[in-house]
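**Student:** Sequence and predicted structure, then a few things I'm wondering about:
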Amino acid sequence: MTDLTTGAGGITAPRPSAETVRGPDDTATDAMIAARLDRLPMTGYQRFIFGIIATAWFFDSIDLGSLTFLLGSIRAEFGLTTAQAGLLSSMSFIGMFLGAAIAGMAADRFGRKMVFQVSMIFWGLGSLWCAYAPDAQTLGYARLLLGFGMGMEFPVALAIVSEILPSAKRGRYLAILEGFWPIGFIAAGLLSLFFLTHFDWRTMFLFQAFPAAFLLVIRIFVPESPRWLADRGRRAEAEKVMTRIETNVLRRLPAGRQLAEPRPEPTRSKAARRFSFIELWSNGYASRTLMIWTVWFFALLGFYGLTTWLSALLQEAGHSVSQSVTYTITISLAGVPGFIAAAILLDRWGRKPTAIMMLVGSAAAAYFYGNATTTATLISFGLVMQFFLFGMWSVLYAYTPELYPTRSRATGAGCASAVGRIGSLLGPYIIGIVLPTLGNAGVFALGAGSFIVAALAIGLFGVETRGKSLEAISH
């Protein structure tokens, strides 16, 4: 049986049901769409689309990173214990867990573009609610909603970028996309310093609600993924979007230059299965799923367990609010060269060696940061730690969506991100509990151990994806 779908221009095209077996013509069409995308030279048009996604990612990063700088002031206003403050920090990650798990499957079924827009509505409303929260409990619920929207955005943005950009540039631009996280983190610190000096933490959250209106830009300019449209059987729409992309690319090429001939991957008939959580554990993908879930869980447990508490830990050590925020911003500056280094190394060394280097470097730097005895050594090791930490993020976000086929790419990335959010929500809470017993040194040793486990997982069980088309990797 088939469902009928109305495509662009009123064209009615059959959409295969889950039981349909797709023939050679169908798979050949899908492969040709992919080949046409991969043969495109990188121009200002693709960079423009990428810039829109990266800007939304930047706004999201400000929302998530701001709690690192505002936690000390919130804790003081509401009289929270370290355990309560850790629980408040974890609320965002509970929301991110739910959002990432739901959004991945929704994007594989309903489309990347629509789910991406919905995510921005949720985090905009969450920021607005944070600004008017009368108590810590309400603030926790608001952070839950905010986290839900942020969790939705991450896997969908990765799917859009990985599916539209050509293979030769995919790793670099996915790493650059993640690079907007340290830039957003630094911006969050600077904005927090301004708002805490002249206003209060509530005004900061109110300010963060306005960028949600950016979804209108996404609605107008960002196309749906032609790969996804073709895989869903909506080939008339896929052809229309693909032709528009090619036309925009040609306009930006020197006069007379033509596009290279597409070279599709060999095709074979296959069942037209839709998004499926079960497929993540099917033959060929189970080991990838287990590996990437382990990496995300331990990497995020260590990262958020440490960074969420950076400013508050500095205040615990006797530094003022403004000093602690200034030190944290200074330390975060090293994240910029960190993601740039990752963007370069991903396509030169490969995903696996770059990931291992970043994770092991993060572990060593975190250990020495936790044992620093002077302000100078604290900042020095902090700079090194943030360099490797943000490099690690860039590798994770570039690598994860490459491991799965189009029909389950967002589901795979979303579920990995969701598992990571379990680690990220446990991290701040665990730190809040063990800090009184283990002290700063024990806290950062715990983070270092998490990064080592993640490095071992990717080193032993990871597959290399450098320079390969998404279709070749999925086969």
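**Tutor:** Now that the structure is in, tell me what you want to look at.
**Student:** use CA for all of it now, contacts and neighbours both
**Tutor:** Will do.
**Student:** what about the strands in the protein?
**Tutor:** Using DSSP state E, the strands of the chain run over 2-6, 12-16, 21-22, 270-271.
**Student:** Quick check: longest helix in the protein by residues?
**Tutor:** Determined from DSSP state H, the single longest helix within the chain is helix 409-461.
**Student:** Run through the neighbouring helices and strands of that one.
**Tutor:** Helices and strands touching helix 409-461, by 3 or more Cα pairs under 8 Å, 6 or more residues apart in numbering; DSSP states H and E, are helix 82-110, helix 136-164, helix 286-307, helix 351-370.
**Student:** Looking at those, which is nearest to Gln117?
**Tutor:** The closest approach between Gln117 and any of these, judged by Cα to Cα, belongs to helix 136-164 at 8.4 Å.
**Student:** Report the rounded mean pLDDT for the closest one.
**Tutor:** Averaged over helix 136-164, pLDDT sits at 87.
**Student:** Low-confidence bits of the protein, can you list those?
**Tutor:** Along the chain, segments meeting pLDDT under 70 span 1-29, 264-277, 308-321, 428, 435, 440, 467-475.
**Student:** Excluding sequence neighbours, find me the nearest residue to Trp281.
**Tutor:** Thr289 (6.9 Å; Cα to Cα, 6 or more residues apart in numbering).
**Student:** and what of Ala363?
**Tutor:** Nearest residue to Ala363 in three dimensions, chain neighbours excluded: Ala448, at 3.9 Å (Cα to Cα, 6+ apart).
**Student:** doesn't Gly361 make contact with that neighbour?
**Tutor:** No: using Cα atoms under 8 Å, Ala448 is not in contact with Gly361, being 9.3 Å away.
**Student:** Can you pick out the residue with more neighbours from these two?
**Tutor:** Ala448 (27 against 22; other Cα atoms under 10 Å).
**Student:** mind listing what that one touches?
**Tutor:** With contact taken as Cα atoms under 8 Å, 6 or more residues apart in numbering, Ala448 is in contact with 302, 362-364, 366-367.
**Student:** Return the distance of Phe298 relative to Ser90.
**Tutor:** According to Cα to Cα, to the nearest Å, Phe298 and Ser90 sit 15 Å apart.
**Student:** For Arg252, list the residues it contacts.
**Tutor:** 43-45.
**Student:** Among the residues you listed, name the ones in helices.
**Tutor:** Those of the contacts of Arg252 lying in helices (DSSP H): 44-45.
**Student:** Now neighbour count too, for the contacts of Arg252, in CSV please.
**Tutor:** Putting these into CSV (neighbours: other Cα atoms under 10 Å) gives the following:
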residue, neighbour count
Thr43, 14
Gly44, 15
Tyr45, 17
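**Student:** circling back to that earlier point, how far out from the middle of the chain is the longest helix of the chain?
**Tutor:** 16 Å (Cα atoms, centre = their mean, to the nearest Å).
**Student:** For the residue nearest in space to the middle of the chain, which residues are in contact?
**Tutor:** Compute the mean C-alpha point of the chain, and by Cα atoms, centre = their mean the closest residue is Phe154, 4.0 Å away. Taking Cα under 8 Å, 6+ apart, we find Phe154 in contact with 57, 100, 414.
**Student:** ranking those residues by neighbours, who comes first?
**Tutor:** Ranking these using other Cα under 10 Å puts Gly414 first, with 34 neighbours.
**Student:** just checking, that one touches Leu158?
**Tutor:** No: with contact defined as Cα under 8 Å, Gly414 does not count as touching Leu158 (9.5 Å).
**Student:** Which positions in stretch 288-303 come out as buried?
**Tutor:** Across stretch 288-303, burial judged by 16 or more other Cα atoms under 10 Å covers 288-303.
**Student:** Same check on stretch 177-196?
**Tutor:** In stretch 177-196, counting by 16+ other Cα under 10 Å, buried: 177-193, 195-196.
**Student:** Repeat that for stretch 339-351.
**Tutor:** Those would be 339-347, 350-351, for stretch 339-351 by 16+ other Cα under 10 Å.
**Student:** contacts for that stretch?
**Tutor:** With Cα under 8 Å, 6+ apart as the test, stretch 339-351 has contacts from 171-176, 178-179, 354, 387, 390-395, 399, 464-467.
**Student:** of all the contacts of Ala448, which comes closest to Gly149?
**Tutor:** Gly302 (22.5 Å).
**Student:** any idea how far the closest one is from Pro155?
**Tutor:** Noted for Gly302: a distance of 20 Å to Pro155, by Cα to Cα.
**Student:** which ones among the buried residues of stretch 177-196 are found in helices?
**Tutor:** Short answer: the buried residues of stretch 177-196 in helices (DSSP H) are 177-193, 195-196.
**Student:** show me what contacts the closest residue to Ala445 other than its chain neighbours?
**Tutor:** Leaving aside its sequence neighbours, Ala445 sits nearest to Tyr367 (Cα to Cα, 6+ apart; 5.2 Å). Residues near Tyr367 by Cα under 8 Å, 6+ apart: 441, 444-445, 447-448.
**Student:** Could you dump the residues you listed into a markdown table with distance to Arg407 added?
**Tutor:** Formatted as a markdown table, the contacts of Tyr367 follow (distance: Cα to Cα, whole Å):
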| residue | distance to Arg407 |
| --- | --- |
| Ala441 | 45 |
| Phe444 | 40 |
| Ala445 | 40 |
| Gly447 | 35 |
| Ala448 | 36 |
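**Student:** hang on, isn't Thr203 packed against Tyr132?
**Tutor:** No: if you go by Cα under 8 Å, Thr203 and Tyr132 don't touch, sitting 9.2 Å apart.
**Student:** ok so, going back, in CSV, list the helices and strands packed on helix 409-461 along with distance to Ala376.
**Tutor:** Output for the helices and strands packed on helix 409-461, formatted as CSV (distance: least, Cα to Cα, whole Å):
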stretch, distance to Ala376
helix 82-110, 26
helix 136-164, 34
helix 286-307, 19
helix 351-370, 11
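**Student:** now for these, which one comes closest to Pro436?
**Tutor:** Nearest of those to Pro436, taken as Cα to Cα: helix 82-110 at 8.5 Å.
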